[in-house]
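K.L.:
Build me a model:
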Amino acid sequence: MHKSFSDWRAWGAFAGLVLLPLAPASAWHRQAKHIDKLAESEIGHAPGQPREESWQIEQRQLWFERTRALRDNPDAGRERAAAVETLKQLRRSKDPQQEALGESWAPVGPSSMTMTDWIMGRVAGRLNAVTPVPGNEDTVYIGSAAGGVWKTTNAGASWTPIFDQVGTLPIGAVTLDPNNTNVVWVGTGDKNGGGCAGYFGQGVFLSEDAGATWNARNGSGPTAMPLSIVNAVAVQPTDSNVILAGGAGTCAGGSLSGAGVFRSADRGLTWTRVLSTNVEDIVFVPGTNIAYTGLINTGVSKSVDGGATWTPMNTGLNPAGSRMRLTMSPSDSNTLYALVGDRLYRTIDGGLNWSQTNADACEGQCGYNLTVAVHPTDASTVLVGTIRHARSTNGGATLTAMTSTWGTSQKVHQDTHVVRYSTTNPNRFWVGTDGGLWRTDDGGLSYVNMNSNLNIMQFYDIAVHPNDVNIVFGGAQDNGSSGRRTSLQWGLTFASGDGFMNVVDPTTPSRVFQTSYPQSNMPTIVRSNASGSLGSFELVPRTGLVASSQFPWVTPLAAAGNQLFVASNTLYRTTTDGNSWTAVSPNMGSASSVITPQMIGVLMPTYVGTSGGRIYFSADASVPSPTFANVTGDYPGGIVSDVAMDPTNAQRVFITRAGFGNSRLYRSTTGGTAWTAVGTGLPNVPANSVAVDPLNTNRIFVGTDIGVYESTDGGDNFTAFSAGLPLGLVVQDLEIDDTPHVLTAGSYSRGAWRVVLSTSATNAPPTPDFSATVNDLTAAFTSSAIDFDGTIATTSWNFGDGSPASTQPNPTHTYATYGAKTVVLTVTDDDGASASFSRVVRLFAPPVPLSNGVTVSGQSAPQNDELRYSLQVPVGATNLSFVTTGAAGEDADLSVILNGETLCESAGATADETCNIPNPPPAGNYLVIVLAYSALSNQSITGSYSMADLIFRNGFEP
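P.N.:
Take a look at the predicted model:
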């Protein structure tokens, strides 16, 4: 994403507080300011200064490839596809058995993430394709980067996943047959995953019943279509048997090869290669067999025989670049646009001649987010999507961004991968981004959020609260760190671009840790002492850590007892409330990949696995100077992806290996002095996680790149344990609890899932949660408490003002004074177990009216409170400005809001802030908020505007 740490300030409002979902605006301002401070002090990047995120995009790809040794495997994609097919057959018999035992997986979310007061609304994951049905645009298909194909029939009010049993979930293209909209073609693979990170794709699939069932259409033998990353599928309008498919090739020998365009004349039964260059767009002239294709780094080619032969059409076009997008005007098939990086070209004669209309058409990340579309009736109006989406009404010569830069007033999420015009309504278009899908019906003045229940999150890691399996945290690709209590909708906890590891302190569960990008060869670890609520995270000091390039992209983090561990090629330790680190291991030779400490009695046995295939062990890592021994022994090598100990015997330990070939699971019963390859029945795909059942230590679970597997004989033999999961789900992490007995999985494609393994003998306490709606001094409270293994029996509310508690399920309470109130909800289940949850609810006094040009002085506020003002601005005003000044050493932030939309935010490091509203400012009653980032003792504010002199506007003449 194109978000510096300062740009990420806006994420502070993202999704509401996970544990304090309706906290005041000051919570996300604190989070935003904290990220700015990290940006300045830790990264050396000033707030407000844009920064290219290509490094993060590249590291994401390299992490995925290296952890799976994809560059060492000449045929990873084909081996995974074969494993999926075997799993499909196995699940036909195993799923009913698992379901009969009541052990089916169910989603935990995120069913999109809420955005509190952000006008863009809920956020989901990355989209690569958006395809509305012509004539019935309430029905839309989308293709997600890793979460399959979804369909809505009610304009995005709800979605249904329709590709879950195919076996591959990254989608590059969704195309409808122009002669029959019930016929849907899908190209799989993620072009934006990068390199072999897109190895999941399995070619082209066809549905002839509007997505109800699917069949592969890739041919076989010499007539096969070998693409695993398919970017484009096109159906010839005059003959639906003629199909063109193009893409980036397949992963072979560690890199992509075999890119090109393939043609089928028999509806995908057999294929012929017709071009040998990567392509993202193939378009047919409506009602003809004439086609165009945009060949990356080669140029545009045209076919007049349905794609059988091609002629280059590049006069005036410079095709050099890593991306090329191509689109045709629906109202004039001779007008086409080609977007090559930041250069936009147009032809008005069917490709004979091209002219460059814009040399600066891309805001940034042109190799990651790039798309273009033409208005249905005006060939000179074009949408260009890069970081934001922009519109030109003069053939691309000038482009105007359709939404503001990153912030609460941004109407659509950034990083645009697809823009799509309606074929019938010229004011309607769709925008697909890293955050999901939006639609406008008024030409971009307003947008409808369509993300509702989309669950397409790519988690690197999850963590489950040690005392409550309903509370889950996750770190996701490009969507920060988030969590949930009782809802399938999650909320942001820490804004960080990609979110990585998550840890809940086992001794103090209100203490939560999360990690972000390593910076300057040091890890970025943040800590919350408020149950992971948004705005409560602070950077864990790096004192004692030694900068090292061996701190990996996904830096391992783990806790046991009150000890917290992080590692590069050296393991470091601090207490969970500590502020300095101590090295406790020798140089392990390469970057660590996993840390597994565990409390067994008073000891803390700890294993560390490395990217170089070494394994280290300490019998007690909690002592002042622990000894770590190299216990790699006869392990044959390969990245150690996970370590799981027997909960009562540290000498019995399992490790997973994230690679192909050899075994994916090894077991030692001697603390690592000898390793035995086990795991008969595990597929030949990377194994990413292992868990030992604490109630039956012979029951072992392994998460792989295609699903979950179970052993009941101590790891010797495995069978499928994936009933309820999408086929081919990439399971990245497994967490298991004994009370209640639940296994939770984090996937790198479809969020988090869990399965109840058996009824626990011990009652699990309930999970309290609530929301509040405030109207002046009255607050209406709604409980969303749930009980995992029973029902809520009683409810008690402490309103935080000394008034008597209420036992109503959803009470309304009127306060005597304005201010911040700490409200506590306590719930008791039908077995007598109780739990409490608190949050701050703010009641704001009416804004103080400002007069034009009159300074209001002597204002004070405690830290984290807000001062609120209003200014009525008349029609015809100009030069609208708001200025605050304050005492030295104090810090205030300024926000200006009109009709619920934030028009300006100023958040420097002092109490002096300025917001100038561009001319002409809209007339209306402006809300002005001054946030006390520190306590304010003598704050002043002035709101002013200019008006034309109406009396003497014509001078002194009569």
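K.L.:
list the buried ones in the longest helix belonging to the chain?
P.N.:
In the chain, assigned by DSSP state H, the helix with the most residues is helix 76-100. Buried residues in helix 76-100, counted by 16 or more other C-beta atoms under 10 Å: 76-81, 83-85, 87-88, 90-91, 94-95, 98. Every C-beta, even on glycine, is put in place using the N, C-alpha and C of the backbone.
K.L.:
Closest one of those to Thr574?
P.N.:
Ala76 (38.6 Å; C-beta to C-beta).
K.L.:
wait, doesn't that closest one sit right on Glu65?
P.N.:
No: applying C-beta atoms under 8 Å, one finds Ala76 not in contact with Glu65, separated by 9.5 Å.
K.L.:
For the stretch 651-800 of the chain, just list every one of the strands.
P.N.:
Using DSSP state E, counting those that start in this stretch, the strands of the stretch 651-800 of the chain run over 665-668, 676-678, 687-692, 700-704, 708-711, 719-720, 731-737, 741-747, 752-758, 770-775, 778-783, 792-798.
K.L.:
I'd like to know which of those strands lies nearest to Ile917.
P.N.:
strand 770-775 (27.4 Å).
K.L.:
Spatially, what comes nearest to Pro132 if we skip its sequence neighbours?
P.N.:
Leaving out its chain neighbours, the residue that sits closest to Pro132 by C-beta to C-beta, 6 or more residues apart in numbering is Val140, at 4.7 Å.
K.L.:
With Tyr933 as the reference, measure out to the residue nearest to the spatial centre of the chain.
P.N.:
For the chain, the residue nearest the mean C-alpha position is Asn479 (3.1 Å; C-alpha atoms, centre = their mean). Distance, Asn479 to Tyr933, by C-beta to C-beta, to the nearest Å: 26 Å.
K.L.:
And for Val186?
P.N.:
Relative to Tyr933, and taking C-beta to C-beta, Val186 is found at 49 Å.
K.L.:
now swap in Leu227 and tell me
P.N.:
As for Leu227, its distance to Tyr933 is 53 Å (criterion: C-beta to C-beta).
K.L.:
The two: who's more crowded?
P.N.:
It is Leu227, of Leu227 and Tyr933, that has more neighbours when counted by other C-beta atoms under 10 Å, with 32 against 23.
K.L.:
what's in contact with the longest helix of the chain?
P.N.:
Residues outside helix 76-100 that contact it (C-beta atoms under 8 Å, 6 or more residues apart in numbering): 68, 70, 73, 104, 165, 167-168, 196, 199-202, 228, 250-252, 660, 683-685, 705-707, 719-724, 727-728.
K.L.:
Whichever of these end up buried, select them in ChimeraX.
P.N.:
Here is the ChimeraX command that selects the buried residues among the contacts of helix 76-100 (16+ other C-beta under 10 Å):
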select :68,70,73,104,167,168,196,199,200,201,202,228,250,251,252,660,683,684,685,705,706,707,719,720,721,722,723,724,727,728
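K.L.:
contacting residues around Gly853?
P.N.:
Counting by C-beta under 8 Å, 6+ apart, Gly853 makes contact with 942-944.
K.L.:
Just send these back as CSV, with distance to Ser771, pLDDT and secondary structure too.
P.N.:
As requested, those are arranged in CSV below (distance: C-beta to C-beta, whole Å; pLDDT from 0 to 100; DSSP: H, G, I helix; E, B strand; the rest coil):
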residue, distance to Ser771, pLDDT, secondary structure
Thr942, 37, 98, strand
Gly943, 33, 98, strand
Ser944, 38, 98, strand
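K.L.:
So which of the residues you listed wins on neighbours?
P.N.:
In those, the most neighbours by other C-beta under 10 Å go to Gly943, 25 neighbours.
K.L.:
how far off strand 752-758 does the longest helix of the chain point, in degrees?
P.N.:
If you take axes from the mean of the first three to the mean of the last three C-alpha atoms, to 10 degrees, helix 76-100 sits at 40 degrees to strand 752-758.
K.L.:
Give the rounded mean pLDDT of helix 76-100.
P.N.:
If you average the pLDDT over helix 76-100, you get 96.
K.L.:
Which parts of the stretch 351-500 of the chain are strands?
P.N.:
Using DSSP E, counting those that start in this stretch, strands in the stretch 351-500 of the chain cover 355-358, 371-374, 382-385, 389-392, 400-401, 416-421, 429-433, 436-440, 448-449, 459-465, 468-476, 481-484, 491-494.
K.L.:
Format the CA atom coordinates belonging to the fourth one as CSV.
P.N.:
Meaning strand 389-392. What follows is strand 389-392, C-alpha atoms only, in CSV (Å, rounded to 0.1, in the frame of the first residue of the first chain):
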residue,chain,number,x,y,z
HIS,A,389,-8.9,6.6,-8.7
ALA,A,390,-9.0,9.7,-10.9
ARG,A,391,-11.1,10.9,-13.8
SER,A,392,-10.4,12.7,-17.0
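K.L.:
Run through the neighbouring helices and strands of that strand.
P.N.:
When contacts are defined as 3 or more C-beta pairs under 8 Å, 6 or more residues apart in numbering; DSSP states H and E, strand 389-392 sits against strand 382-385, strand 400-401.
K.L.:
Over to the third one?
P.N.:
Taking 3+ C-beta pairs under 8 Å, 6+ apart as the contact definition, the neighbouring helices and strands of strand 382-385 are strand 371-374, strand 389-392, strand 416-421.
K.L.:
and the longest one with strand 429-433, angle?
P.N.:
Between strand 416-421 and strand 429-433, the angle formed by their directions is 170 degrees, by the same axes, to 10 degrees.
K.L.:
Of the contacts of Gly853, which is the nearest to Val755?
P.N.:
Gly943 (57.3 Å).
K.L.:
beta partners of the closest one?
P.N.:
Phe882 (DSSP bridges).
K.L.:
residues contacting it?
P.N.:
Going by C-beta under 8 Å, 6+ apart, Gly943 touches 850, 852-853, 869, 871, 880-882, 926, 928.
K.L.:
Among these, the buried ones, what's the PyMOL command?
P.N.:
Entered in PyMOL, the line below selects the buried ones among the contacts of Gly943, by 16+ other C-beta under 10 Å:
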select buried, resi 850+852+869+871+880+881+882+926+928
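K.L.:
Secondary structure element holding the spatially closest residue to Ala877 that is not a sequence neighbour?
P.N.:
The spatially closest residue to Ala877, leaving aside those adjacent along the chain, is Tyr945, at 4.1 Å (C-beta to C-beta, 6+ apart). Counting by DSSP states H and E, the element that carries Tyr945 is strand 936-946.
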